[in-house]
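1. sequence unknown, structure follows:
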């Protein structure tokens, strides 16, 4: 058992920093651009790029279906992919508390590197800071992503009444998996986070008449639908019955009083699609592993409200989640 | 006195997040690209870009000469500028502890926005996470920078024996200013951090025969010289007498037992310059505010050692600082 720990000097800019970069960072993220260790990395870009950032503060760092390293790659890859860009480059910045297990930190870096390789993105720049005990409670990661715009799926004005709404995965698994991992409610279960990179799935549907994309992370499906409604001036009529939701996840949400529509996902995108191409898009999504549970869940309306047609036949507004349901979920 | 505090819900992805983004983030960083609030921001880039990331964990967040907001822009702008790129776009990711003063947070964002405007860079994407009390001890910021490569100052192989070494500012002010701000050694003094954006200064010398650039942040001048020596296979002979160092900073370092060569800067770059153009480069640097104390401090040698010719006439090796001199200095 290796009980080596992270020391302040790893983040100090001196000899131990140089060793850490060689032993851990370059070992896993090895590529020509990163290996040059410049103050900035010089890269080839297209004239239309997409740029995004996300910090990851999730606790615990390891959970069923992933860890903070994997998540830090998926989250940023997905922000690029759902907005219509092919992810190419990632930055990786660690903030670690002094005394943290070196072995765990290495696992996190290894997991991030594995996911980046799978997604076909290069980690080209990074930073490591170590803070004293009490400064933070573990590891925080920030990643930025840079990609090539293939299609503009960021344009709220493209959303029109009559368009169809697709969700690409069953919902609420990430939030519930992390909640179970914490054990704070005394429940056990076998729910895996949906944490996954969606760039290959999204690439498969770029050729079709899709108009807008966004991944349903913090705030879940409810937040995404409300954000799109607010910015586009359009509304949604969503059919509860059609929302993919695993029985065990639904039951756990019900028991704990969570609305699954407001629970975080890390591998589920909302795609607004022209009605004409909807069945084709759905078929393509379902042919890709990350999209096999995709479903058409409703349509865009003209009246700027987000309405759920419930299983029992009633209708209710879906609002933006009012507060923080599950802190540190991503 | 406004004693509003930061709540978990600001980072939750719901209504309060949306309000915070409108009230604070868009208020200060207002620009067309950011205002679109996409999952990623679509931007125009050149085919040769430079990409860099840095996390800022400095304590205290406010210090003489700057704050964590200003620093988060300068640090990233400088990483681009010293490596030969014109900084264009910045990402801005906040991690804040629940209960933090809303007024202080607004000041930090305002200060970052002010500095970005001054430097001519656009903040085009961001993220905000709030963690519960005890999760972190204040504010952490990550910024990534994206720029257009004008000149490759990242290429260690361009460094040749006989080249001159310029430092663009007096050294050790940032580290000593932060140390005084903490008050931990019981000293008082009037030392301001050198924290500044160097992109306009660097741009002024790109047309000349400069070969390599790096800013002397964590680990100070000693770390930068050793990194360049290690990667280039060359060495340095540095003349202690020529290193710009304010008398009061020198005395404070001496009293506390710090080697000023290893103390962090946030507005001092090391430039390796062809001997033929050295006087011209120095004159141009000195004509710009951020470079007015620039000096030629030595030259590149062939023997892979970093040697200091001391004021007393002796010679000693300058090593990479062995550990963390001043934690959380940036």
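-> Now that the structure is in, tell me what you want to look at. Predicted model only: the values in this text are computed from it and were never measured.

2. any idea how far residue A:5 is from residue B:244?
-> The spacing between residue A:5 and residue B:244, counted by CB to CB, to the nearest Å, is 39 Å. In short, each C-beta sits where N, CA and C put it, glycine included.

3. swap that for residue A:211, please
-> According to CB to CB, residue A:211 stands 58 Å off from residue B:244.

4. Ok, residue A:47 next?
-> 42 Å.

5. who's more crowded, those two?
-> residue B:244 (16 against 11; other CB atoms under 10 Å in any protein chain shown).

6. ok, now how distant is the more buried one from residue B:301?
-> Residue B:244 is 21 Å from residue B:301, by CB to CB.

7. got it, and residue A:7?
-> 33 Å.

8. What of residue A:150?
-> From residue A:150 to residue B:301 the distance is 50 Å (CB to CB).

9. before we move on, what about residue A:317?
-> Distance from residue A:317 to residue B:301, counting by CB to CB: 73 Å.

10. Helices along the stretch 101-250 of chain A, start to end?
-> For the stretch 101-250 of chain A, the helices defined by DSSP state H, counting those that start in this stretch cover A:102-119, A:173-182, A:199-205, A:220-232, A:247-256.

11. helices and strands around the shortest one, which ones?
-> Read it as helix A:199-205. If contacts are counted by 3 or more CB pairs under 8 Å, 6 or more residues apart in numbering or on different chains; DSSP states H and E, helix A:199-205 sits against helix A:68-82, strand A:85-97, strand A:269-273, helix A:278-286.

12. Any chance you could list what contacts that helix?
-> Here helix A:199-205 makes contact (CB atoms under 8 Å, 6 or more residues apart in numbering or on different chains) with A:77-78, A:80-82, A:84, A:86-87, A:119-121, A:150, A:168, A:213, A:269, A:271, A:281, A:284-285, A:287-291.

13. What's the ChimeraX line that selects buried ones from these?
-> In ChimeraX, this line selects whichever of the contacts of helix A:199-205 come out buried by 16 or more other CB atoms under 10 Å in any protein chain shown:
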select /A:77,78,80,81,82,84,86,87,119,121,150,168,213,269,271,281,284,285,288,290,291
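
14. Within reach of chain B, which of the contacts of helix A:199-205 are there?
-> With CB under 8 Å from any CB of the partner chain as the criterion, the contacts of helix A:199-205 include A:78, A:80, A:82, A:213 near chain B.

15. so the second one makes contact with residue A:50?
-> Same thing as residue A:80. Yes: between residue A:80 and residue A:50 there is a contact at 5.2 Å, judged by CB atoms under 8 Å.

16. which stretch of helix or strand covers residue A:55?
-> Assigned by DSSP states H and E, residue A:55 belongs to strand A:48-56.

17. Pairing partners for the helix or strand following that strand, with directions?
-> Counting by DSSP H and E, the next helix or strand C-terminal to strand A:48-56 is strand A:62-63. Sheet pairing for strand A:62-63, assigned by DSSP bridges, gives strand A:66-67 (antiparallel).

18. Run through who's touching the partner strand.
-> A:61, A:74, A:107, A:108, A:111, A:193, A:195, A:266.

19. circling back to that earlier point, among the ones next to chain B among the contacts of helix A:199-205, which pair sits farthest apart?
-> Spanning the widest gap among those are A:80 and A:213, at 10.4 Å by CB to CB.

20. Quick check: neighbours shared by the two?
-> In contact with both residue A:80 and residue A:213: residue B:39, using CB under 8 Å, 6+ apart.

21. Next one: the most centrally placed residue in chain A from residue B:266, what distance?
-> Nearest to the mean C-alpha position of chain A, by CA atoms, centre = their mean, lies residue A:75 at 3.0 Å. Residue A:75 sits at a distance of 30 Å from residue B:266 (criterion: CB to CB).

22. Let me know the pLDDT of residue A:324.
-> On pLDDT, residue A:324 comes in at 71.

23. Quick check: closest non-adjacent residue to it.
-> Leaving aside its sequence neighbours, residue A:324 sits nearest to residue B:12 (CB to CB, 6 or more residues apart in numbering or on different chains; 3.5 Å).

24. distance of the one you found from residue A:184?
-> In terms of CB to CB, residue B:12 sits 17 Å off from residue A:184.

25. if you count what's nearby, which of the two comes out ahead?
-> It is residue B:12, of residue B:12 and residue A:184, that has more neighbours when counted by other CB under 10 Å, with 27 against 9.
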